[in-house]
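1. with the input below, show me the fold.
(chains A, B and C)
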Amino acid sequence: QVESDERALINVDKGLSFSKDSLFKLNLRFRMQNRFGIRTESGNDLSIEQTDFRVRRLRLRLDGYVLSPKMQYYIQLGFSKADLDLESGGYAQPIRDAMIYYTFNKNFYVGFGQGKLPGNRERVVSSGNLQFADRSIANGVFTLDRDFGFFGYYTLPTKGRAEYQLKGAINTGEGRNPSPGDAGLSYTARFEYLPFGKFIDSGDYSEGDLEFEPVPKLAIGVSYNYNDEAVRTRGQLGSALYEARDLQVFIADAMFKYMGWAVMGEYFQRVASDPITQNEDGAIRTVWVGKGNNIHLSRMISRKSELAVRYASVRPDEVVKMQEQRLEETTLGYTRYINGHRIKMQGNVGYSWSNKQIELVQTSNFWFATFQIEFGI
Amino acid sequence: QVESDERALINVDKGLSFSKDSLFKLNLRFRMQNRFGIRTESGNDLSIEQTDFRVRRLRLRLDGYVLSPKMQYYIQLGFSKADLDLESGGYAQPIRDAMIYYTFNKNFYVGFGQGKLPGNRERVVSSGNLQFADRSIANGVFTLDRDFGFFGYYTLPTKGRAEYQLKGAINTGEGRNPSPGDAGLSYTARFEYLPFGKFIDSGDYSEGDLEFEPVPKLAIGVSYNYNDEAVRTRGQLGSALYEARDLQVFIADAMFKYMGWAVMGEYFQRVASDPITQNEDGAIRTVWVGKGNNIHLSRMISRKSELAVRYASVRPDEVVKMQEQRLEETTLGYTRYINGHRIKMQGNVGYSWSNKQIELVQTSNFWFATFQIEFGI
Amino acid sequence: QVESDERALINVDKGLSFSKDSLFKLNLRFRMQNRFGIRTESGNDLSIEQTDFRVRRLRLRLDGYVLSPKMQYYIQLGFSKADLDLESGGYAQPIRDAMIYYTFNKNFYVGFGQGKLPGNRERVVSSGNLQFADRSIANGVFTLDRDFGFFGYYTLPTKGRAEYQLKGAINTGEGRNPSPGDAGLSYTARFEYLPFGKFIDSGDYSEGDLEFEPVPKLAIGVSYNYNDEAVRTRGQLGSALYEARDLQVFIADAMFKYMGWAVMGEYFQRVASDPITQNEDGAIRTVWVGKGNNIHLSRMISRKSELAVRYASVRPDEVVKMQEQRLEETTLGYTRYINGHRIKMQGNVGYSWSNKQIELVQTSNFWFATFQIEFGI
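-> Numbering: from 1, shown residues only, chains lettered A, B, ... in the order given. I've put the predicted structure just below:
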C-alpha cells in the first residue's frame, strides 16, 4: 500500500509494524528531507542571492487501528522549522495530522480530527510522494491545506471499471491548530472520476508513474470550498485579515499515467466579494483572489530514474494588483528513486519571473536550483 | 493496570510493550482528544458566540524500567496547541512528565523530575481517565498542576483493610518547565485514607465506576501546599505577578464508588497575606485567593454507558473582587466507553453563570456543548 | 558500540532495536537529565542566589539503516526548554540531528543533513557521555556546535597501530535550523591522530575511563573553521550581529586514558578582523574573539565511581574587553555510573571567578553545586 494522506496506512511492506491479532496495529514511520538550494540575484546575474540549506521536513507518522480494523487512526508530527510554521514567525505547531477514522464498509468511511482537506491533488499527495522538491507556487497560494473538523469519503458502487468518489468536509476554516474562535465554518466538497478504474498502488495520489501503468489511467477531480467568515488572507493559511471575509475556492485537477509517462494538471480560482480589508491606520491586507495553474509532465527514463518538467502560475485579480503579483515558474527535475519515493535524490533547476516579463534582465526574476535527499521508512 | 500519573505504567494489556527479561521495559502509548464545542452568546440568545473545534490533547507516553524493575521512568510529551501552553502565548513546552522513580519496596517509592504534584484528585486523574471533556473550573483556578522536583510516596503498612498513604514533594513552585530562577521553593504534603481498602484497578484515580465496585469504596484526601516566593498568579500557573508572594493552598477531596455509581468531591482554598501586586505604572496583578468546589455524580447506565452531572464554583475573596469573578458551572455528561477510557465518545452540555446571577437574561452567562472523541492505546 | 555523534548507532546492547535481515534497522532510544542546582550570592555570601531545578535534556534518538547497512540515518529530537533553545527566547527547535550517511567503505563515509561539526572534542562527545553535568564555559563560548550541510569522514589506511583521521564539513555557518539566507558558508576541517591505536568502545569520544584501558591510549585533534559572512556573535551560536563578519576558529584538543585515569584538554581561539558591529542607534554587538581552555582530570575510584576535576577559562581579546569578561571556573565532580553513562548520578561543586580576581569577596564570583541524574536506554 502506498501512503495516502486521506487514510491511515494499514499495510506497510517496509518500516515498523506492530500488531496483535486484529485487535491492534501500530505502524511507525519517519521521513526527512535534507536540502541544498540556491537562488540567483537575477536572470542575468548568476551570483547567489540566497542559499536554502536545511532540513526541509522531518516527520514522524503513526498509523493503525485499535479494537477493530474499522477504527483507525493516523497521527503525523512535523519537527522541522518549516513543519512547525516557524519560517514566518508565530508559534510552534508540531501536529500535522491527528485523525480518527471509522470505516463503515469498503466504500464509506468518515474521519474526525485534523487532516488535509479534499482540495487540490498536489496537496493531498503526501510530501513523501512528490516528484519535485516542493509543491508549486500555485499550490502555495490556493491550496486548502489542512484543517480540523469532520470528513467523509464515499466511493459510489458501480458495475463497470470506472470509479466515482465523493469527498466532503466541514471545518473551522482557520487552518491547522486553530484556537477556539468565531462561528464561521468552512465547507468543502470534492468529486473524483476515474474512467479507466483504480491506479496501481493508489497512483492517482502519488506523483510520477513509478508503477509503469500498463494501460492508461486517468483521474479527474473538482473541488469547491466555501469558507464562511475567513480570517486569513488565503483562507486556511496566510496572515490575519483586518476583517473577516467569505471566500470561495474552485479547483479542477487531473492525473494521467501510462507506461512511465505521467501528466498532472491543476486549475485554481479564489473569489471574495470585497477582498480588501483595512485597519484604522489605513494599512491594507487583502484576500488573495485570482487564478492559478500547475502542470507537470514526467517520464521514467529507467526503472528508477525520472525526468519531469513543471510550469506554474498565479495571477491576481485586477482588484488586488497593488498588493499581489503575477508570478510564473518553470522547473526541470531529475529524480533517482533509490527505494521508490521513500529514499530518493532529486535535482531541480528552474526560472521564476513576474508580471509577464520573462526577460533575464528583470531584477525580480531569478534562477533557482535545489538538491534534495529524501530518506524515510 | 490502569494509568496513574503518579507512577510509571508497567503492565499494559493493550498497546505496545517491549521488554527483555527483567532488565528492560518500554511501554509506548499515545492518545488524542478531538473536539467540537460551542458556546452561546448568552443564556437567552442561543446563537453561537464561539466554536471550539480542535485537537485538545495529543500525547505520547513512554513508561518502563531499566536494569531492574525498581528503577522506573515515565515520560509524557504533549503536542497540541493547548498541551504546549500556546493558547495563551508563550513558548512551546512539549514535556509534561519526565520522572525517574526508585522503588524501595512495595510501600515506598521516590521520584525525581517533572510530574504532577500530589494535589487535587481531579488533576492527578490522568486526562485520559476523565468522565467530562475537561476538568472543572475549580481545578483551573486552584490546581497545583505539575512542577519539577523531588517526590515521595509512602503507604503505611496496616493489618486491616483500610489504607493510609502519605505523599510529599519539594519543587520549584514555578510550574512546568521552569527556567533557572530564584530560591523560593514549594512544599506539598498529602494524606489519603481509604477506609474500605483499595479500589479495583486504581479506581480512586479514575473517574466513573466502570469497574462496578461490588462493595462500597471510599478515598479521602487532604493536601497542603506552601509556595514560597511564588511568582505567578495561581502559583504553578498563571501570568507573572509584579512581586513574589507566599501562597498557601488547602485541598480536601473524596471519591466514592459502588455498583456503577460514583461521587467525586473537591474543596479548595488559596490564601496569601497581600494578594495584590502592582507595577510602577499602577497596573495590578493579583494572586487568585478564594475558595472553590467541584462535585461529580455519575452512574453507569449500561456496561459501557454513563451519565454524569457536575457542579463547580470558584469564589474569590473580597480583597480581589475587583479583579476576579465568582463563576459557577453545571454540566451534564454522557460517555460511551468503547474501549474503557482509552476509546470513548463524550457529549457534554452545560450552563455557566457569574456573580450568583443565574438568570438566563444575564449577558455574561452562557450555555455550552462539547462533543469529544478520545482515541488512544 | 558506544554512542557517537558523528555516526549512526547501529549496534546497541541495551535499548530497543528493530531489524529485518540486512534491509532495515531502527534503534529507538531516549534519555533525560534531571537536575537540582544552586548558585550562591558571592564567594563569601553562601546564601542561594539562584536555583536550577529542571529537566536539562530530554532526547529521543532514532538510528539505523534502510535498504543496506551502507545507507544510514541518525535523528535526534530534543524536547526540554534548553534543548529547544527557549532559555534565551526565540523559537522552538526540536531537531538536533537529522543526518543521512552513506558509507563507501570502512574508512570513508559522508553525511548530509544537520549534525555536529567536527570541532572540539567535548562538544562532539554526546551529552550522554559527559563526566560533568554540563560542558565547560570554554565550550560555551567557542564550540562550533551543530550546523546543516555536507560532512565527510576519512580514516587513512595504515599498517601500524596508529590511526589518522580527516574530517571536513561545508555548512550554512548559521547553526541549527537555519532559515534560507545569505550565501556565506562555513568550512571546517579536522585532523585526528591516535598514536597508540583505537580506544576501547570509541572511548576517545566518551569522557572518563570506564573501560580501564589496559594500555595507554591517546588521541590528538586539531580543527579549523572559517565562517564566511557569519551573522551571529559566536558563529553558529549567539545573538545576531549588526553586520556580517568573517570568523576563524582554531581548536586543539586531546584525550588520554589509562587504567581508569583520563585527561582531556582543549585549547580555543576565535579571530575576526573587525569584531565590533554597531547599529544606527550606536548599540554594539561584538564577535566573541579571544582564547579559551578546558582541562579535565579524572580517575575511576572503583568499577563504577569516578572523581573528576576541571578547570576552564575564556579570555576575550583586548578589543572586546568592554563587552566580554574573562571568566574562570573550577569544578570537582563525583559520578556514580549505575549503568555506564546511560544511568548515572552526578554531583558537582565548583567556583567561578571573573577578571582574574579569585578572591571570595568579589561579588561577581560565586560557588555552585549540581546534582544530576541521567536516565536513558
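
2. who's in contact with the closest residue to chain B within the stretch 251-377 of chain A?
-> Closest residue of the stretch 251-377 of chain A to chain B, CB to the nearest CB: A:Ile377 (16.5 Å). Heads up, the C-betas are built off the backbone N, CA and C, glycines and all. If a contact means CB atoms under 8 Å, 6 or more residues apart in numbering or on different chains, then A:Ile377 has A:14-16, A:29-31, A:342, C:24, C:26, C:66 as its contacts.

3. strands - which of these land there?
-> Those of the contacts of A:Ile377 mapping onto strands are A:16, A:29-31, C:24, C:26, C:66, per DSSP state E.

4. who wins for most neighbours among the contacts of A:Ile377?
-> Counting neighbours by other CB atoms under 10 Å in any protein chain shown, the top entry in the contacts of A:Ile377 is A:Arg31, with 24 neighbours.

5. does that one touch A:Gly128 like I think?
-> Yes. Contact criterion CB atoms under 8 Å: A:Arg31 and A:Gly128 qualify, at 5.3 Å.

6. ok, now which ones touch the residue in the stretch 151-300 of chain A that chain C sits nearest to?
-> Closest approach between the stretch 151-300 of chain A and chain C, counting by CB to the nearest CB: A:Asn177, at 13.6 Å. Remark: with contacts taken as CB under 8 Å, 6+ apart, A:Asn177 is in contact with A:93, A:95, A:114, A:148, B:54-55, B:80-81.

7. swap in A:Lys291?
-> Going by CB under 8 Å, 6+ apart, A:Lys291 touches A:267-269, A:314-315, A:317.

8. same thing but 6 Å
-> Residues near A:Lys291 by CB atoms under 6 Å, 6 or more residues apart in numbering or on different chains: A:269, A:315.

9. now it: which helix or strand?
-> strand A:290-300 (DSSP states H and E).

10. tell me the strands beside that strand, with direction?
-> Here strand A:290-300 is paired, per DSSP bridges, with strand A:261-272 (antiparallel), strand A:305-316 (antiparallel).

11. format the ones you listed as a markdown table; extra columns: mean pLDDT and mean neighbour count.
-> Formatted as a markdown table, the strands paired with strand A:290-300 follow (pLDDT from 0 to 100; neighbours: other CB atoms under 10 Å in any protein chain shown):
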| stretch | mean pLDDT | mean neighbour count |
| --- | --- | --- |
| strand A:261-272 | 98 | 21 |
| strand A:305-316 | 98 | 20 |
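
12. would you reformat those strands as CSV and include distance to A:Phe212?
-> Rendered in CSV, the data for those read as follows (distance: least, CB to CB, whole Å):
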stretch, distance to A:Phe212
strand A:261-272, 9
strand A:305-316, 11
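
13. how about those, which one is nearest B:Leu86?
-> strand A:261-272 (28.6 Å; CB to CB).

14. so for the nearest residue to A:Met264 once chain neighbours are set aside, what's the pLDDT?
-> Using CB to CB, 6 or more residues apart in numbering or on different chains and skipping residues adjacent in sequence, the residue nearest A:Met264 is A:His296, 4.3 Å away. On pLDDT, A:His296 comes in at 98.

15. tell me the secondary structure for A:Tyr351?
-> Under DSSP: H, G, I helix; E, B strand; the rest coil, A:Tyr351 falls in the strand class.

16. that one: neighbour count?
-> By other CB under 10 Å, the residues close to A:Tyr351 number 17.

17. same check, this time on the one 4 residues further on
-> Burial of A:Asn355 is recorded as 13 neighbouring residues (other CB under 10 Å).

18. what of A:Asn171?
-> 25.

19. neighbours of A:Pro180, how many?
-> Counted with other CB under 10 Å, residues neighbouring A:Pro180 total 16.

20. do I have it right that it meets B:Glu49?
-> No. If you go by CB atoms under 6 Å, A:Pro180 and B:Glu49 don't touch, sitting 10.2 Å apart.

21. what ranges do the helices span in the stretch 101-250 of chain A?
-> In the stretch 101-250 of chain A, the segments counted as helices under DSSP state H, counting those that start in this stretch are A:121-124, A:137-142.

22. so which of those helices gets nearest chain C?
-> helix A:137-142 (14.5 Å).

23. so which elements touch that closest one?
-> strand A:261-272, strand A:290-300, strand A:305-316 (3 or more CB pairs under 6 Å, 6 or more residues apart in numbering or on different chains; DSSP states H and E).

24. name the helix or strand for the nearest residue in space to A:Leu67 that is not next to it in sequence, please.
-> Nearest residue to A:Leu67, sequence neighbours excluded (CB to CB, 6+ apart): B:Asn339, at 5.3 Å. Secondary-structure element containing B:Asn339, defined by DSSP H and E: strand B:327-341.

25. quick check: buried residues in that strand?
-> B:327-329, B:331, B:333, B:335, B:337-341 (16 or more other CB atoms under 10 Å in any protein chain shown).

26. give me the contacts around it.
-> By CB under 6 Å, 6+ apart, strand B:327-341 touches A:67, B:128-129, B:131-132, B:137, B:304-314, B:344-354.

27. could you rerun that using 7 Å?
-> The contact list for strand B:327-341 (CB atoms under 7 Å, 6 or more residues apart in numbering or on different chains) reads A:66-67, B:128-129, B:131-132, B:137, B:206, B:210, B:304-314, B:344-354.

28. the closest residue to A:Met32 other than its chain neighbours and B:Phe79, how far apart?
-> Nearest residue to A:Met32, sequence neighbours excluded (CB to CB, 6+ apart): A:Leu58, at 4.5 Å. As judged by CB to CB, to the nearest Å, A:Leu58 and B:Phe79 stand 14 Å apart.

29. please apply the same query to A:Gly376.
-> Taken as CB to CB, the span from A:Gly376 to B:Phe79 is 20 Å.

30. again, but for A:Ala189
-> Look at A:Ala189 and B:Phe79: by CB to CB, they are 30 Å apart.

31. cool, A:Gly265 as well?
-> A:Gly265 is 36 Å from B:Phe79, by CB to CB.

32. show me the contacts for A:Leu117.
-> A:144-147, A:169, A:171, A:188.

33. of all of the stretch 201-350 of chain A, which residue lies closest to chain C?
-> Closest contact between the stretch 201-350 of chain A and chain C, by CB to the nearest CB, is at A:Asn339 (5.3 Å).

34. and that residue, how close does it get to B:Val287?
-> 59 Å.

35. just A:Asn120 next, same as before
-> Relative to B:Val287, A:Asn120 is positioned 52 Å away (criterion: CB to CB).

36. kindly report the same for A:Phe104.
-> In this view, A:Phe104 and B:Val287 are 53 Å apart by CB to CB.

37. between those two, who's got more neighbours?
-> For A:Phe104 versus B:Val287, neighbours defined as other CB under 10 Å are more numerous around B:Val287 (29 against 10).

38. spatially, what comes nearest to the more buried one if we skip its sequence neighbours?
-> Leaving out its chain neighbours, the residue that sits closest to B:Val287 by CB to CB, 6+ apart is B:Pro275, at 3.8 Å.

39. contacts only, for the one you found.
-> For B:Pro275, the contacting residues are B:245, B:286-287, B:289, B:319-320, by CB under 7 Å, 6+ apart.

40. those residues into TSV, with extra columns for distance to A:Ala252?
-> Listed next are the contacts of B:Pro275 as TSV, based on distance: CB to CB, whole Å:
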residue	distance to A:Ala252
B:Arg245	63
B:Thr286	58
B:Val287	60
B:Val289	62
B:Val319	65
B:Val320	60
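
41. gap between the two ends of stretch A:319-327?
-> Stretch A:319-327 has an end-to-end distance of 16 Å (CA to CA, to the nearest Å).

42. buried ones in that stretch, by neighbour count?
-> By neighbour count on 16+ other CB under 10 Å, the buried set for stretch A:319-327 is A:319-320, A:324, A:326-327.
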